[in-house]
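> Just to be clear, the model below is a prediction. Sequence and coordinates:
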Amino acid sequence: MYRTLGIGILAFALARASAQAPQPPIAPLPVQLSTAHKLFIGNAGDQENADCLRFYNQFYSGVQAMNHFELVSAPKDADIVLELHYEIGFGASVNSGQPTPRQFRVVIFDPATHTVLWSITERTNYAVFQKNRDKNLDETIAMLLNDFSLLTSPQPVAPNNRSVIHH
């Protein structure tokens, strides 16, 4: 009985301490994310398949539809460079018929220094039926576009914490 009571008191104390722990200050995002006007999108797909190409085409169209960036045809002409990655688990195969975890990643670079400014990743599962695979891919691309839009807005919002970042 005393052991159970002691564990309960310890759990309560830990929960109370973590609830009262001060949150670290929010670090500023790289200024290029909110000031960029010219954008280059590269496809580092990592896999040769239709989903990789579809990801590139849909993401490119989605950024165009934002009407916020001028899409340029060369990285040297851009304020920021986006590198799109399509990745599956090591040793996994999208042709196995199994639900293979996949991720789609957007890596954002400064073209002058080649420094990674930010990376956005969304995960999804491979689906056996094309209709489900298309639906999963559409949802994942929509999430990445939303994350990118939040990150590059005049009042940037970090995609994973959804709180406004002030410079």
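Good, I have the coordinates. In this text, all values refer to a predicted model and were calculated from it rather than measured experimentally.

> Where do the strands of this structure begin and end?
Under the criterion DSSP state E, the chain carries strands at the ranges 38-43, 70-71, 80-88, 101-110, 115-125.

> Give the other helices and strands that the last one contacts.
Contact partners of strand 115-125 among helices and strands, from 3 or more CB pairs under 8 Å, 6 or more residues apart in numbering; DSSP states H and E: helix 32-35, strand 101-110, helix 130-151. Yep, even glycine has a C-beta here, placed from its N, CA and C like the rest.

> Based on its surroundings, how many neighbours for A50?
Neighbour count for A50, taken as other CB atoms under 10 Å: 11.

> Now do it against T140, distance only.
From A50 over to T140 the distance is 15 Å, taken as CB to CB, to the nearest Å.

> So, low pLDDT: which residues of the protein?
Where the chain drops to pLDDT under 70, the residues are 1-21, 46-48, 89-100, 156-167.

> repeat that for 80
Scanning the chain for pLDDT under 80 picks out 1-26, 45-50, 88-102, 125-128, 154-167.

> and stretch 112-124, which residues are buried?
Residues L117, W118, I120, E122, T124 are the ones in stretch 112-124 that count as buried (16 or more other CB atoms under 10 Å).

> Just the CA atoms of that stretch, as CSV, please.
C-alpha atoms of stretch 112-124 as CSV (Å, rounded to 0.1, in the frame of the first residue of the first chain):
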residue,chain,number,x,y,z
ALA,A,112,24.7,31.0,-52.0
THR,A,113,26.1,29.0,-49.1
HIS,A,114,24.4,25.6,-49.7
THR,A,115,23.3,25.7,-46.0
VAL,A,116,20.2,23.8,-45.1
LEU,A,117,17.7,26.4,-43.7
TRP,A,118,14.9,24.0,-42.8
SER,A,119,13.5,20.6,-43.6
ILE,A,120,9.8,19.5,-43.7
THR,A,121,8.9,15.8,-43.6
GLU,A,122,5.5,14.1,-43.9
ARG,A,123,5.1,10.4,-43.7
THR,A,124,2.5,8.1,-45.3
